[in-house]
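Chemist: fold the following for me, if possible:
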Amino acid sequence: MTEERYATDIFRLLADDTRVDILRAVAVAQYELEQIGSGAAELAFSEIYEHIDVENTSKLSYHLGELTGVYLRKSDDGYSLSHAGERIVRFILSGNYEQPESFGPEPLDGVCVFCGEEALEAKLSHQFFRIDCTACEQQVTGQPITPAQVRTRDGKSLVQSVKLRSAEDARQIRRGMCPECGAKLSADVAAVPESPLPDTDSFVVTSSCEECLRKYNSPLTYSVVYHPASIAFHWDRGVDVTAHGIWEFHEHVYKGRWTSEQTASDPDEYEVVLRHGDDAVRLYLDSTATVLRTERVRGESGEFRHF
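Modeler: Predicted structure coming up:
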């Protein structure tokens, strides 16, 4: 209850329009004043007063006092945004509290992981970039998207931004960092009974954040796509996996080129094999989806290269 009341008090500080105007004015002034290598600009009381429609200096002093310590930092040189101030004012300036502009449905390259048909289309649904299969009518994947992300891009560049953002999120998750709040994630591998995914990849990694309570689920094969061994293996074969959307990996799972299986218990160990042509990279993981070792298999010879 104490934490809830504290959070309520924190957000109540922004119920006054003048205080929101102050944060916006500080952000705008910093944007205009900052120089490379100089760090965040600090604004004097008089500079803020010039940018704010407030009755008098006493009123401004009162509002600054309320914001300082939570949304503003104060030093001998003036005021600057705190971490919380940075996050909230960027959210306000970008308009990411609004509904995004409409998008789609637009056809996408790739196959459905459930039925194997090339019948994918993308659209926005409740601030999610959602991909459905028009053949089997299954939702194939979904990715959070911001109004600013939609507003500043056309169709092709929007799709590319979703690819890049999902890749960045996946890499942070693999390293145990929550993309939402930066806290440490805990991960567990589990078999999914009656999984709708192909039998070649019936394990799921669930990464949980105990701070912001976000959970991220991923097929075991996808959880290692952005591991350095996988990135290097595919790059050597002319494929940049970091530039691909998750839905572009579905074909590999559906056709059995990417597989996962449990190879040991007590302790549990799993093997993921990512194939490209006649070659493959194998990654061995523990029950927390941590990669223990990797090896490459070259062609028909079965020659191994250990990393």
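Chemist: the protein: helices as residue ranges?
Modeler: Taking DSSP state H, the helices of the chain run over residues 2-12, 17-33, 45-51, 57-67, 83-94, 147-151, 155-174, 228-235, 250-254.
Chemist: nearest to Glu101, of the ones you listed?
Modeler: Nearest to Glu101 among the helices of the chain is helix 147-151 (5.2 Å), distances taken as Cβ to Cβ. Where C-beta positions appear, they are placed from N, C-alpha and C, glycine not excepted.
Chemist: now do that closest one: which elements does it pack against?
Modeler: helix 155-174 (3 or more Cβ pairs under 8 Å, 6 or more residues apart in numbering; DSSP states H and E).
Chemist: try 7 Å this time
Modeler: The helices and strands touching helix 147-151, judged by 3 or more Cβ pairs under 7 Å, 6 or more residues apart in numbering; DSSP states H and E, number zero.
Chemist: Glu269: how many residues sit nearby?
Modeler: 15 (other Cβ atoms under 10 Å).
Chemist: just Glu98 next, same as before
Modeler: 12.
Chemist: quick one, what contacts it?
Modeler: Pro147 (Cβ atoms under 7 Å, 6 or more residues apart in numbering).
Chemist: can I get the helices of the chain in TSV with mean pLDDT and distance to Ser265?
Modeler: Formatted as TSV, the helices of the chain follow (pLDDT from 0 to 100; distance: least, Cβ to Cβ, whole Å):
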stretch	mean pLDDT	distance to Ser265
helix 2-12	74	40
helix 17-33	89	54
helix 45-51	89	63
helix 57-67	94	55
helix 83-94	93	44
helix 147-151	91	43
helix 155-174	91	23
helix 228-235	96	24
helix 250-254	90	24
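Chemist: nearest to Cys112, out of the ones you listed?
Modeler: helix 250-254 (6.6 Å).
Chemist: now what about the closest one, what contacts it?
Modeler: Residues contacting helix 250-254 (Cβ under 7 Å, 6+ apart): 110-113, 116, 140, 197-198, 200-201, 219, 221, 258.
Chemist: just these: which are in strands?
Modeler: Among these, the members falling in strands (DSSP state E) are 140, 219, 258.
Chemist: contact partners of stretch 202-209?
Modeler: Applying Cβ under 7 Å, 6+ apart, the contact partners of stretch 202-209 are 173, 178, 180-181, 183, 185-192, 195, 215-220, 223, 260, 270, 289.
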